[in-house]
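Undergrad: Here is the input, now give the coordinates:
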Amino acid sequence: MEIIIERMYFSDGTNGKILHNGKLICHSIQLPWKNNEKRVSCIPEGIYTLRKRYSRKFKAHIEITGVPERSFILFHSANNAMKELNGCIAPVTKIAGAGLGSQSRWAFEKLRTWVYTALDNNEKVILVIKSEKQKR
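TA: Prediction:
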């Protein structure tokens, strides 16, 4: 299964659309692009693998693996990238501004269900991150 994030970059955050087979699953928010600097930047555009992960803080969530010079990059709930994210990606239902969204828990559960279902069926789940204007 392939999931695509088409991103738009702003000085205060990065917004995106999370798509599967051209259909919108939800939106996303991330930190602004700051040259992949740990804890202050969104991750680079590229192709990554997703896997299940569990922690006390986020419970069942999704880890993005293969990020250059970064580790523990996750999909988890958050509505304000600058206040709640350290490089991770937050699914949101609606975009409210640059790096701002709403109803993240609902959007995250929707995405997590898609990803976990595919992984439970022994499918490899690939994440492609690209600029909104870039076509693959």
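Undergrad: and whichever strand or helix holds Ile47, what does it pack onto?
TA: Per DSSP states H and E: Ile47 is located in strand 46-55. For strand 46-55, the elements it packs on are strand 59-65, helix 104-120, strand 125-131, judged by 3 or more Cβ pairs under 8 Å, 6 or more residues apart in numbering; DSSP states H and E. The way it works is simple: take the backbone N, C-alpha and C, and place the C-beta from them, glycine included.
Undergrad: Serialize the ones you listed to TSV and add fields for mean pLDDT and distance to Leu85.
TA: Shown next, in TSV, are those (pLDDT from 0 to 100; distance: least, Cβ to Cβ, whole Å):
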stretch	mean pLDDT	distance to Leu85
strand 59-65	96	13
helix 104-120	97	11
strand 125-131	97	15
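Undergrad: chain center to the one helix or strand Asn15 maps to, what's the gap?
TA: According to DSSP H and E, Asn15 maps onto strand 13-20. Distance of strand 13-20 from its chain centroid, counting by Cα atoms, centre = their mean, to the nearest Å, is 7 Å.
Undergrad: Report the angle between it and strand 125-131.
TA: The directions of strand 13-20 and strand 125-131 differ by 130 degrees, with axes from the mean of the first three to the mean of the last three Cα atoms, to 10 degrees as the criterion.
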